[in-house]
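**Student:** I need the structure of the sequence given here:
(2 chains)
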Number of protein chains: 2
Amino acid sequence: MIKPLRIALAGLGTVGGGVVRLLDQNSALIARRAGRPIEIVAVSARDRSKDRGVDLSRFAWIDDTTALATHPDADVVVELIGGSDGPALTLARATLGAGKGFVTANKAMIAHHGLELARAAEQANTALKFEAAVAGGIPVIKGLREGMAANEIARVYGILNGTCNFILSKMEAPREQGGGRDFADVLAEAQALGFAESDPTFDIDGVDAAHKLAILASIAFGTQPAFGTVAASGIRHVIAADIAEAAALGYRIRLLGLAEDGPYGLFQRVHPHLVPISHPLAHVTGATNAVVAEGNFVGRLLFQGAGAGDGPTASAVVADLIDIARGEYGPAFAMPAEALAQHQAADPGERRGRAYVRFMVEDRVGVLAEIAAAMRDAGVSIESLIQRGSGGEDGSVLVAIVTHEGPERAVAQALERLRGSQSLIGQPMWMHILG
Amino acid sequence: MIKPLRIALAGLGTVGGGVVRLLDQNSALIARRAGRPIEIVAVSARDRSKDRGVDLSRFAWIDDTTALATHPDADVVVELIGGSDGPALTLARATLGAGKGFVTANKAMIAHHGLELARAAEQANTALKFEAAVAGGIPVIKGLREGMAANEIARVYGILNGTCNFILSKMEAPREQGGGRDFADVLAEAQALGFAESDPTFDIDGVDAAHKLAILASIAFGTQPAFGTVAASGIRHVIAADIAEAAALGYRIRLLGLAEDGPYGLFQRVHPHLVPISHPLAHVTGATNAVVAEGNFVGRLLFQGAGAGDGPTASAVVADLIDIARGEYGPAFAMPAEALAQHQAADPGERRGRAYVRFMVEDRVGVLAEIAAAMRDAGVSIESLIQRGSGGEDGSVLVAIVTHEGPERAVAQALERLRGSQSLIGQPMWMHILG
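**Tutor:** Residues are numbered from 1 along each chain as shown, chains lettered A, B, ... in the order given. You can find the predicted model right below:
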């Protein structure tokens, strides 16, 4: 009789319930694929009495979550509690310290403490796996860690937050399908539909995507996870007119996490971008995630699928368990923790690219000249400029500029020159054009 | 000192040269990722004197390719000779028989003899890997075998032949970009550009895609590879008018390999399909490959990238070598060969779907009635019908029908009724609509 892989499960929310259901429903298939059964033996969550729609009476209930780490019947602990620190981190340290395997969907914890945990896993010669932490059900960590392992990867980028992509694709939909509205309006609808949290800050301000990006960059480039140097902003300031102007120019707006590793250092940014309509990411709509990585031999690879939800996330968690059951795992970040380089954060000013800058301005003589002069004085070369009356009651005018390729520093300097100008209404919106 | 993984390489064509270059150029990175260096020790090819643009003097040259299998310095043999039988198969058997690992890009051999070779690898407790055999650089075998391992997979399909996709996307391009031409014309151009072989039969008649599909289906469904039951046809009979009619209806034409596993058996088909413009595969242009798999928990995943070429294919070959160097490999078809089921081939007549059928007919009274009656008598429900003068000198008329969803048997029966009709010019073109 082959020994099953025995699991202790911490956290019984949406994803935890999904893992229980998946291991029930696909158990025979999983045993064939993994070479042995995978069985939950113990569970722990905050509220024992809550009805979760799955039979938990088969499993030992452990009140003290940390005690799962030393549960004598468990080979692997699955952590689905969440949070970068607190009980999740305590459990991770205790589990790896006890020499058991550890599987998690916790992007915040891996982005912040992944290096420490990878070292602990290597010392204990056990598994640390977190496929579900990035892009839900898409096997993109495996794709980078193994599928692209032969390549020097220069760039990895993608749509890493389903909530933002849902909102942006709603905004860009035709008016008769509910499009053409501003951000706040569509966010309210997304919340009503359950596609956005009641506190959506982590999603819409880019923090969630930044966690994921830091993990992807580490694996792609062989560098230590560096969440602290991800420059993150979100989609709060994208207005309907930006979507319309971008469309007229042949682009769609997507919140991209983008990381590059070059001679100038490690560059990591989460920001709304203009994506050319000919690029596959322009066609990713709804809550879908998609990741592109560019290797020096394989070229451009795209991985696309559901970035969240109980089913997809459970699929990734159990894929990690199957790898462990098969004995097919190694260093969490694709190479031993001590081999991970520590690259200096790049100065974004040195990056070159094309930019979209949109101003809302007063409708009066000389405003355009003021903007044009600021651009000229900073050395920004303008490819196209559109000025359009907003049609709003305030008589404001939209000015949208697309620049030729040039250093980002020049655009920053131009905007600095315009800071405090009486002609501008609100902050300019600067978006990068994916090249 | 950590022992390197030592490689014997058979075949020094485009891909073989790519593997040598990749292992040279990325050697330090690969050693960090794999935990040890990967080094070629011996090579074998037909012509020793040929200049391949890489320095081969570092490696032992072995005239007798089969002798690589027992080369005392080699841990793994990489086979890049090609051909389903002959020297490639002899080498595979000898290598696995000698207990060494075996890595290949040979889709034909794996489609025909994969089960035998998987058994041999398991008996010898060694690795058999063939990521490069399907979709070039895209890690889709890994994606199915490992990334989706927790899922019951009901359907896998995709664009598996870059030559055909290059030709179809050329045909569908706007006229000013060289589109609107018929197949033969574009094929000649593709051959001149090196995107199609001088003998393109395997590509354009769907055999190459059928090899790949049989491999994907086996891994996705846990069934024995069954190349013999793949129904394959190609794109020879797609005309410019098909592309135009499909576009007018909201579709693009793609040669899809599609496999399903259901209660009615194992269904495998390579055939041009109408793909809705809203589907990601409709936006895959040029020589790119893309594979979609649908899992019962993860939903729909898409893997996209370069399906051929020396760089991408070498990337996949070396990814397999890194897996072996890491010790992260197991049964070739995701489960032990003896666990693979043998499912009966499905009767395509029992499948339900929507169809596009295009006729070229004589321009005379009663033709439309004849076609409509044949459809009615076979029980085919017509959703839309277009009749259009071809504008050609022969006065022929195009009739294109889109059916409602129904059994494929009915469409086959309708076409059978029309066989030999004096009204029809040439064979009708029947394409399935991806649902």
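
**Student:** and the strands in the stretch 51-200 of chain A?
**Tutor:** For the stretch 51-200 of chain A, applying DSSP state E, counting those that start in this stretch gives strands covering A:60-61, A:76-79, A:101-104, A:128-129, A:153-159.

**Student:** list the beta-bridge partners for A:Leu255.
**Tutor:** With DSSP bridges applied, A:Leu255 shows beta-bridge pairing to A:Pro272.

**Student:** which residues touch it?
**Tutor:** A:159-161, A:164-165, A:168, A:206, A:209, A:234-235, A:270-273 (CB atoms under 8 Å, 6 or more residues apart in numbering or on different chains). Every residue, glycine included, has its C-beta placed from N, CA and C.

**Student:** in CSV, list the residues you listed along with pLDDT and neighbour count.
**Tutor:** Formatted as CSV, the contacts of A:Leu255 follow (pLDDT from 0 to 100; neighbours: other CB atoms under 10 Å in any protein chain shown):
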residue, pLDDT, neighbour count
A:Ile159, 98, 27
A:Leu160, 98, 30
A:Asn161, 97, 32
A:Cys164, 96, 30
A:Asn165, 96, 24
A:Leu168, 96, 25
A:Gly206, 97, 28
A:Ala209, 98, 32
A:Gly234, 94, 26
A:Ile235, 96, 25
A:Val270, 98, 29
A:His271, 98, 19
A:Pro272, 98, 25
A:His273, 98, 25
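
**Student:** wait, which of those residues is closest to chain B?
**Tutor:** Among those, A:Ile159 lies closest to chain B (CB to the nearest CB), at 12.6 Å.

**Student:** who's in contact with the closest one?
**Tutor:** Counting by CB under 8 Å, 6+ apart, A:Ile159 touches A:165, A:254-256, A:281, A:284, A:288-291, A:307.

**Student:** what does A:Ala226 give?
**Tutor:** A:Ala226 makes contacts with A:214, A:217-218, A:266, A:268, A:343, A:345, as judged by CB under 8 Å, 6+ apart.

**Student:** tell me how far it lies from chain B.
**Tutor:** According to CB to the nearest CB, to the nearest Å, A:Ala226 stands 18 Å off from chain B.

**Student:** and which of the contacts of A:Ala226 is nearest chain B?
**Tutor:** A:Ser218 (12.7 Å).

**Student:** how big is the angle separating the helix or strand containing the closest one from strand A:153-159?
**Tutor:** Using DSSP states H and E, A:Ser218 falls within helix A:207-221. Orientation check (axes from the mean of the first three to the mean of the last three CA atoms, to 10 degrees): helix A:207-221 against strand A:153-159 gives 160 degrees.

**Student:** any idea how far helix A:207-221 is from the chain center?
**Tutor:** 7 Å (CA atoms, centre = their mean, to the nearest Å).

**Student:** next secondary structure after that helix?
**Tutor:** Sequence-wise, the next helix or strand downstream of helix A:207-221 (DSSP H and E) is strand A:231-232.

**Student:** and the contacts of the following helix or strand past that next one?
**Tutor:** On the C-terminal side of strand A:231-232, the nearest following helix or strand under DSSP H and E is helix A:240-249. With contacts defined as CB under 8 Å, 6+ apart, helix A:240-249 is touched by A:168, A:171-172, A:179-182, A:252-253, A:274, A:356, A:358, A:384, A:386, A:388, A:390, A:398, A:400, A:402, A:429, A:431.

**Student:** counting neighbours, which of the residues you listed end up buried?
**Tutor:** A:168, A:171-172, A:179-181, A:252-253, A:274, A:356, A:358, A:390, A:398, A:400, A:402, A:429, A:431 (16 or more other CB atoms under 10 Å in any protein chain shown).

**Student:** for chain A, which residues score under the pLDDT cut-off?
**Tutor:** Applying pLDDT under 70 to chain A flags residues A:1, A:390-392.

**Student:** what about the helices in it?
**Tutor:** Along chain A, counting by DSSP state H, helices occupy A:14-25, A:27-34, A:86-97, A:107-123, A:140-142, A:162-172, A:183-193, A:201-204, A:207-221, A:240-249, A:310-326, A:367-378, A:408-418.

**Student:** lovely, talk soon.
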